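Coordinates only, no sequence provided:
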Ligand code: SF4
């Protein structure tokens, strides 16, 4: 095997123009790190999914859960057996994708039966309601995974569920994590996302927004008050954000929008190519980059990173073709662990979740 090669994103910025944002990306730029959004757009230019880091396990399970709800709403899953079988099938599909895209990822364990059971419980309750709604009213339409393209106002996204009823729209978003923050308040980003979906529905003349609803993994519903003026106000913020992001690309002033904060960088989907990343030395998983200066054996690579010499062991876990070819190459190791959690040194070991990239 060879490590995945990543082209230098610094040579791609001329090809990056951001024309639209999804509601979730917009809310991330406002509260998170804009540089991550830019790096992701730069990676998208290469049209190769293996260049982006895999989503974390919860996010992948969230995708599976969304799919289950979508198929339930469409009537393609109608019993516990259907739901269980579909879950297993979707987990295998996701695991296969991980294995195909990330050759150094040895631990592609995804399943979580607590989440599966919660999802099945909610899908069954959804089934009862859908049947009732179909019987009760011929005017009600339920859409799942509805694509909304409002490129003319800078927005594009997929709404989890829309209920169109007599010209009114209820917007529903499924969340696989916690919907409330530490103080027990619904997270602002979710309110922003739902308000933007409502505005997109209005813009596309699908109906008049009536309610906004979040549903968590346990099927608990949280209604978010809908403020039409707020929705409308967010639109101007989306356009301003697009302008700021594109100006940042043109001026290459990336430090202005990067937010290297420990909590964010640790799980950032672009930390393998970010020059600003900040990962605490006390984190179990580390991301390191350096040029290979020595190869004492196929199992250990020695890298130079600034003034520091880094030692990475455990490479025999992979059958690397001609490992000596990596001498002089720049490598990034994502999810390596410190060899000793006590010693303050630069020795690391490969873990089952390690990803290795060669930076071109
Ligand atoms: S690693 Fe940190 S600074 Fe870099 S893009 Fe990600 S969140 Fe931003």
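Perfect, I can see it now. Quantities reported herein were computed from a predicted structural model and do not represent experimental measurements.

low-scoring stretches of the stretch 51-200 of the chain, by residue?
The stretch 51-200 of the chain contains residues with pLDDT under 70 at 108, 129-138.

need the helices for it, in chain order.
Assigned by DSSP state H, counting those that start in this stretch, the stretch 51-200 of the chain shows helices spanning 57-73, 80-101, 113-136, 188-203.

Do a quick rundown of the strands in this structure.
Assigned by DSSP state E, the chain shows strands spanning 4-6, 140-150, 155-165, 168-174, 208-215, 221-224, 285-297, 300-305, 308-313, 330-338, 347-349, 355-359.

could you dump these to CSV with mean neighbour count and distance to the ligand?
All C-beta atoms are positioned from the backbone trio N, CA, C, and that covers glycine. Below are the strands of the chain laid out as CSV (neighbours: other Cβ atoms under 10 Å; distance: least, Cβ to the nearest ligand atom, whole Å):
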stretch, mean neighbour count, distance to the ligand
strand 4-6, 17, 14
strand 140-150, 17, 27
strand 155-165, 20, 21
strand 168-174, 21, 23
strand 208-215, 19, 25
strand 221-224, 14, 27
strand 285-297, 16, 8
strand 300-305, 19, 16
strand 308-313, 18, 18
strand 330-338, 21, 11
strand 347-349, 18, 18
strand 355-359, 20, 14
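
do you know how far whichever residue of the stretch 101-250 of the chain sits closest to the ligand is from residue 33?
Per Cβ to the nearest ligand atom, residue 248 is where the stretch 101-250 of the chain lies closest to the ligand, at 12.5 Å. Using Cβ to Cβ, to the nearest Å, residue 248 is found at 12 Å from residue 33.

what touches both of the two?
By Cβ atoms under 8 Å, 6 or more residues apart in numbering, residue 248 and residue 33 have these common neighbours: residue 257.

And this protein, what are its domain boundaries?
Following the assignment in automatic domain parsing, the chain carries domains at 4-242, 280-359.

related to what we said a few turns ago, can you report how many residues neighbour the residue of the stretch 101-250 of the chain closest to the ligand?
Neighbour count for residue 248, taken as other Cβ atoms under 10 Å: 21.

now the one 4 residues further on
Other residues near residue 252 come to 9 when the count uses other Cβ under 10 Å.

Got the confidence number for it?
On the pLDDT scale, residue 252 is placed at 96.

list the contacts for the most centrally placed residue in the chain?
Nearest to the mean C-alpha position of the chain, by Cα atoms, centre = their mean, lies residue 55 at 5.2 Å. Residue 55 makes contacts with 63, 269, as judged by Cβ under 8 Å, 6+ apart.

repeat that for 10 Å
Going by Cβ atoms under 10 Å, 6 or more residues apart in numbering, residue 55 touches 61, 62, 63, 94, 98, 267, 269.

Most neighbours among the residues you listed, which one?
Neighbour-wise, those (other Cβ under 10 Å) top out at residue 61, 23 neighbours.

ok, and the closest non-adjacent residue to it?
Nearest non-adjacent residue to residue 61, counting by Cβ to Cβ, 6 or more residues apart in numbering: residue 115, 5.4 Å away.

number of nearby residues for that neighbour?
By other Cβ under 10 Å, the residues close to residue 115 number 20.

and what of the one 10 residues further on?
Under the neighbour criterion other Cβ under 10 Å, residue 125 is assigned a count of 12.

so what's it closest to, chain neighbours aside?
residue 219 (6.1 Å).

Make sure the one you found is actually in contact with residue 128.
No: using Cβ atoms under 10 Å, residue 219 is not in contact with residue 128, being 11.8 Å away.

quick one, which of the two is more surrounded?
residue 219 (15 against 9).

Select, out of the domains of the chain, the one closest to residue 260.
Between residue 260 and the domains of the chain, the tightest spacing by Cβ to Cβ is seen for domain 4-242, at 7.6 Å.

Would you mind measuring the gap between the ends of the closest one?
Counting by Cα to Cα, to the nearest Å, you get 31 Å between the two ends of domain 4-242.

now it, how far from the centre of its chain.
Computed by Cα atoms, centre = their mean, to the nearest Å, the chain-centroid distance of domain 4-242 equals 10 Å.

buried stuff in stretch 257-276?
257-258, 260, 264-266, 268-274 (16 or more other Cβ atoms under 10 Å).

Within reach of the ligand, which of the residues you listed are there?
The subset of these within reach of the ligand, counting by Cβ under 6 Å from any ligand atom, consists of 258, 260, 264, 265, 268, 270, 271, 274.
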